[in-house]
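Undergrad: when you get a sec, could you give me coordinates for this:
(2 chains)
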Amino acid sequence: MRALVVDDSRVMRKIVARTLIEEGFDVVEAGDGQEALDALATLTAAGEVPALACVDWNMPVMDGLSLVVEVRKQPAWRDVTLMMVTTESEHSQIVRALAAGAHEYLIKPFTAEGLREKLSLLGLLRAELDGAAW
Amino acid sequence: MSTSLEIEAEVVTSIVDQVWESLLGSGAPEWHPDLPADPAGLAAEVALRGDWNGSVRVSCDPTTADRLARTMLAVGPDHPLPEDDVHDALGEVANVVGGNVKGALGGDTSLGLPVVAVRTDGRTPVTRRAVAWHGAPVVVEVFGDGDSTPPPTGETTAS
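TA: Residues are numbered from 1 along each chain as shown, chains lettered A, B, ... in the order given. Here you go, the predicted structure:
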């Protein structure tokens, strides 16, 4: 399975990607929302729509909430599971993200185990997918 | 706009402990109070704007910043690490601390993007936490409105 990690911090992208790769994902990275849309378009054209996108909120050019809205507008991306990974911890922000179409919400700082717990909730943990088609 | 919202030192300490544990895999013991804790070097700062105006700054010497980045990226000392990655890592620490300070403050406040620059002095923080990291201090400071002047020119964005 493929995952898209969207964060303006390269270091944070690597931290998120590390766990996703351990869980068997092929990871593509983007530095902001617009880069993510471009990457999604490229992947879609190649028939490789990601199963998961981990999205930071505060980014230059296009923020994560706007990205979630744009992704949800596209029928071709309706099966992309969207998880916000952000420092935005207020309840009102979580509600905004979920209302816009995000499936899950992970607050920074997080541990690898915390990320795995969210993947488990989303049914995307490798151990739980054994036997399923990858 | 007001600055009536307050952040308590204990809350900042708790946030720093949590960030260190999650991002760096270690505790954040307080730097010995009898030792100097004004590291010359890098500072990453994020602004908070809205019901509370101020900023959060994380600073340390360049060697410590390099070590922080290597820990976060899980790369050894023999692996070449671009300066951009060091700045990015310090910026992300400031971003995560700043985001959690924003959450603790409540109200309607937005978080800016981290900016990394050479550390400058002359401002008095609302609260300050110096922690020990591999034998050197890493200083986390929260500045209130009047002290939240933008970082000096020549800064680089963290990512």
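
Undergrad: is the helix of greatest length in chain B anywhere near chain A?
TA: Ranked by residue count under DSSP state H, the longest helix found in chain B is helix B:83-105. Yes - contact between helix B:83-105 and chain A, assessed by Cβ under 8 Å from any Cβ of the partner chain, occurs at B:84-85, B:88-89, B:91-92, B:95-96, B:98-100, B:102-103. Placement of C-beta: from N, CA and C, glycine included.

Undergrad: what about the residue in chain A positioned nearest to chain B, how many residues nearby?
TA: In chain A, the residue that lies nearest chain B is residue A:87 (2.2 Å; Cβ to the nearest Cβ). When neighbours are counted by other Cβ atoms under 10 Å in any protein chain shown, residue A:87 registers 24.

Undergrad: now for residue B:81: which residues touch it?
TA: When contacts are counted by Cβ atoms under 8 Å, 6 or more residues apart in numbering or on different chains, residue B:81 touches B:66, B:69, B:70, B:73, B:75.

Undergrad: quick one, phi/psi of residue 51?
TA: All of this is about chain A. phi -80, psi -30 (degrees, to the nearest 10).

Undergrad: wrong one, I was asking about chain B
TA: Per-residue torsions, residue B:51: phi -60, psi -30 (degrees, to the nearest 10).

Undergrad: and what of the one 10 residues further on?
TA: Note on residue B:61: backbone dihedrals following degrees, to the nearest 10 are phi -80, psi 160.

Undergrad: show me where the chain has strands.
TA: In the absence of a named chain, this looks at chain A. A:2-6, A:26-30, A:52-55, A:81-86, A:104-107 (DSSP state E).

Undergrad: chain B was what I was after
TA: Secondary structure of chain B (DSSP E): strands at B:42-50, B:54-60, B:109-111, B:115-118, B:127-133, B:136-143, B:156-157.

Undergrad: show me which of the contacts of residue B:81 is closest to residue A:46.
TA: Residue A:46 has its nearest neighbour among these in residue B:73, at 28.6 Å by Cβ to Cβ.

Undergrad: how about residue 15, nearest residue that isn't a chain neighbour?
TA: I'll assume chain A. Distances taken as Cβ to Cβ, 6 or more residues apart in numbering or on different chains place residue B:72 nearest to residue A:15, at 6.4 Å, with adjacent residues excluded.

Undergrad: try again with chain B
TA: Nearest residue to residue B:15, sequence neighbours excluded (Cβ to Cβ, 6+ apart): residue B:100, at 4.4 Å.
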